[in-house]
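S.K.: from the sequence below, what's the structure:
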Amino acid sequence: MCYDNRRFGQLKNIGSDDRLKKTLTVMSADQTVALGQKLAAFLQPKDLILLDGDLGAGKTTFTKGLGRGLGIKRPIKSPTFTIIREYQSGRIPLYHMDVYRLEQGGGDELGLDEYFNGDGVNVVEWSKFVAEELPSNYLRIVFKRDDSKGDNVRTIIFEPRGGRFEKLTNELLGDQNE
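M.R.: Numbering: from 1, shown residues only. Below you'll find the model as predicted:
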């Protein structure tokens, strides 16, 4: 079953084995920011959001929306070269991590456990490079470009792991089984 959500695009469940996954198509960077902003209202300390997708797929754009939704006034910038950027001025802290440069290892030296068990929301781009360090409960969001439909069209797949994130995904995007 599909429905058209005027603000965020078209949403549907995908696959029988993937019954918890939901996919959404956004038509612009503004919609990507708005979706991040909406998700922020559901977040609490220790939440872990994994953002995966190709370069330029919208991960940092989405995180800008999260920051805005958390009340962070500073511009959200990609932490590609710093690996971790901390934003303390919002409702709860935001720890934005881009671990792409850890492809060859070194994630254990960052003290990721301290962030994951700390007082903020953790956003990790390129999570496959620190997979062994990740807790078992998280919300993974995969961004896919669809340039055949336009420069800013993205397919966004939500993959919740754990009861809290299953519930959060349904509250954010709607329960397609009703």
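
S.K.: checking my notes, Val33 in a helix, right?
M.R.: Yes - with DSSP: H, G, I helix; E, B strand; the rest coil as the criterion, Val33 is assigned to a helix.

S.K.: for it, which non-adjacent residue is spatially closest?
M.R.: In space, and not counting its chain neighbours, Val33 is closest to Gly65: 3.8 Å by Cβ to Cβ, 6 or more residues apart in numbering. Where you see a C-beta, it was placed from the backbone N, CA and C, and this is true even at glycine.

S.K.: next one, pLDDT for the one you found please.
M.R.: Here, the pLDDT recorded for Gly65 equals 95.

S.K.: distance check, it against Val26.
M.R.: 11 Å (Cβ to Cβ, to the nearest Å).

S.K.: of those two, which one has the most company?
M.R.: A direct count of neighbours by other Cβ atoms under 10 Å for Gly65 and Val26 places Val26 higher, at 26 against 23.

S.K.: quick one: that one and Lys149 touch, right?
M.R.: No - using Cβ atoms under 8 Å, Val26 makes no contact with Lys149, being 10.7 Å away.

S.K.: just to revisit the earlier point, regarding the residue nearest to Val33, what is its secondary structure?
M.R.: From three-state DSSP, the assignment for Gly65 is helix.

S.K.: equivalent analysis for Pro45, please.
M.R.: coil.

S.K.: which stretches of the chain form strands?
M.R.: For the chain, applying DSSP state E gives strands covering 2-5, 9-13, 22-26, 48-53, 84-87, 94-98, 121-125, 138-145, 154-161.

S.K.: neighbouring strands of the third one in the sheet, and parallel or not?
M.R.: In the sheet containing strand 22-26, the strands it pairs with under DSSP bridges are strand 9-13 (antiparallel), strand 154-161 (antiparallel).
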